[in-house]
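A.B. asks: Sequence unavailable; structure follows:
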Ligand code: TRP
Ligand code: SF4
């Protein structure tokens, strides 16, 4: 049997996930897992969470909320270890070594960092935050990840991971693969106001949303401002509701487009139809979530088991690293 390719996927624990997380990354995680040709590692980047917010008191709670969403979405812990970065000491160790292999100038040029500093209005940043992509490189390379399913905002970080892998291999000998990023087709799903979907903008539909809340939220979605009443022709390509049809109601996409453009479909009905499709899509998530919510101990055990597996792999890689460096 050919060896399975290694996938390393990770998210910061930000609490409950929304449809944007699904479209941006999680969908790919599940698809790659179900493909059967890959070995998947799922990382909770809890140290990364404190790079932009030192308050760590909610991280555990957010981790559990996020894990429930992963499991509800179909991540199978029997096949794919799920673990926290903070519980595997080797992440910190490899981060330290990698931090010698990259210049501060290179890290200061990182466009994702610049964007975040601007968007989040961050003042002077910490040494740890500047090194965010270095820790991420350690996350990926500790497990010799070859494929990294991420949103497009992470491409610059994967590029840095590749550079670090190359530089390490050149300096000390070939230990690491050069991982590639894998983007989803719908890298960005708009929120209900047309901006990027985000919990802090209050424009998100959560993966754990109850059916009535999906309907209520969809009612408020912004549509083509030129289409005021049924009968007015609309422009589906500038309407976020149409994007939801494209994503969650492909079978009726052409019909919805035609109805919108001709005016025979009104926005109220169009939104109701989208809400129903989103609910149909989320139904299997709801079923799986209930199973895990009834057994909170099981979620803890999933983490413990995943961390035991991850630790073994991490230790093995670190001994290869030390050997390559002639330090062990
Ligand atoms: N930086 C990623 C994000 O914000 C999270 C992350 C940390 C990650 N380590 C990773 C993603 C390793 C993929 C692989 O979404
Ligand atoms: Fe948007 Fe649908 Fe209204 Fe067209 S009919 S503008 S796609 S909500």
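C.D. replies: Now that the structure is in, tell me what you want to look at. Because the structure is a prediction, the values reported are computed rather than measured. Numbers count the residues shown, from 1 in each chain. Ligands and ions are numbered 1, 2, ... in the order given.
A.B. asks: Give me the neighbour count for residue 227.
C.D. replies: 21 (other CB atoms under 10 Å). Using the backbone N, CA and C atoms, a C-beta is placed for each residue, glycine as well.
A.B. asks: Now residue 315. Its backbone dihedrals?
C.D. replies: As for residue 315, its main-chain torsions (degrees, to the nearest 10) stand at phi -60, psi -40.
A.B. asks: close to ligand 1, is the helix-or-strand element of the chain with minimal mean pLDDT?
C.D. replies: Within the chain, confidence by mean pLDDT, DSSP states H and E is lowest for helix 111-119 among all helices and strands, at a mean of 90. No - using CB under 6 Å from any ligand atom, helix 111-119 stays clear of ligand 1, coming no nearer than 8.3 Å.
A.B. asks: Give the full set of residues in contact with residue 178.
C.D. replies: 162, 165, 166 (CB atoms under 8 Å, 6 or more residues apart in numbering).
A.B. asks: separation between it and ligand 2?
C.D. replies: Using CB to the nearest ligand atom, to the nearest Å, one gets 42 Å for the distance from residue 178 to ligand 2.
A.B. asks: tell me the SS of the spatially most central residue of the chain?
C.D. replies: Central residue of the chain (CA atoms, centre = their mean): residue 25, 4.5 Å from the mean position. On the three-state scheme (DSSP: H, G, I helix; E, B strand; the rest coil), residue 25 is labelled helix.
A.B. asks: That one and residue 11 touch, don't they?
C.D. replies: Yes - Residue 25 is in contact with residue 11 according to CB atoms under 8 Å; the separation is 7.1 Å.
A.B. asks: neighbours of residue 212, just the number please.
C.D. replies: For residue 212, using other CB under 10 Å, the count is 10.
A.B. asks: My error: substitute residue 312 in the last question.
C.D. replies: Neighbours of residue 312 using other CB under 10 Å come to 12.
A.B. asks: ok, is stretch 59-67 in contact with ligand 1 or not?
C.D. replies: No - remark: stretch 59-67 sits outside contact range of ligand 1, by CB under 6 Å from any ligand atom, the gap being at least 11.4 Å.
A.B. asks: Next, the buried residues of that stretch.
C.D. replies: 59, 62, 63, 64, 65, 66, 67 (16 or more other CB atoms under 10 Å).
A.B. asks: Tell me the one of the residues you listed nearest ligand 1?
C.D. replies: residue 66 (11.4 Å; CB to the nearest ligand atom).
A.B. asks: residues in contact with the closest one?
C.D. replies: Neighbours of residue 66 in contact, by CB under 8 Å, 6+ apart: 11, 13, 14, 15, 16, 17, 44.
A.B. asks: Could you look up the SS state of residue 148?
C.D. replies: Assignment for residue 148 (three-state DSSP): strand.
A.B. asks: Output the contacting helices and strands for the least confident helix or strand of the chain.
C.D. replies: Applying 3 or more CB pairs under 8 Å, 6 or more residues apart in numbering; DSSP states H and E, one finds that helix 111-119 contacts helix 132-141, helix 155-172.
A.B. asks: Is the helix or strand that the longest one is followed by positioned near ligand 1?
C.D. replies: Beyond helix 155-172 on the C-terminal side, the first helix or strand identified by DSSP states H and E is strand 180-182. No - Strand 180-182 lies out of reach of ligand 1 by CB under 6 Å from any ligand atom, never closer than 8.8 Å.
A.B. asks: gap between the helix or strand following strand 180-182 and the chain center?
C.D. replies: Per DSSP H and E, strand 180-182 leads on to helix 211-219 as the next helix or strand towards the C-terminus. Distance, stretch centre to chain centre, for helix 211-219: 24 Å (CA atoms, centre = their mean, to the nearest Å).
A.B. asks: what pLDDT, on average, does whichever helix or strand comes after helix 211-219 get?
C.D. replies: Scanning forward in sequence from helix 211-219 by DSSP H and E, the next helix or strand is helix 240-248. Mean per-residue pLDDT for helix 240-248: 96.
A.B. asks: does any part of helix 240-248 sit near ligand 2?
C.D. replies: Yes - interface with ligand 2: helix 240-248 contributes 241, 242 (CB under 6 Å from any ligand atom).
A.B. asks: what's near enough to touch residue 181?
C.D. replies: 148, 149, 150, 154, 155, 158.
A.B. asks: And residue 116, by the same measure?
C.D. replies: 52, 122.
A.B. asks: hmm, try it at 10 Å
C.D. replies: 51, 52, 110, 122, 125, 129, 132, 153 (CB atoms under 10 Å, 6 or more residues apart in numbering).
A.B. asks: quick revisit: go through the contacts of residue 178 and name the one nearest ligand 2.
C.D. replies: residue 162 (40.2 Å).
A.B. asks: Tell me, how many residues neighbour that closest one?
C.D. replies: Residue 162: 19 neighbours (other CB under 10 Å).
A.B. asks: Now do the phi/psi pair for the residue lying closest to it once chain neighbours are set aside.
C.D. replies: In space, and not counting its chain neighbours, residue 162 is closest to residue 178: 4.8 Å by CB to CB, 6 or more residues apart in numbering. Dihedral pair for residue 178: phi -100, psi 100, per degrees, to the nearest 10.
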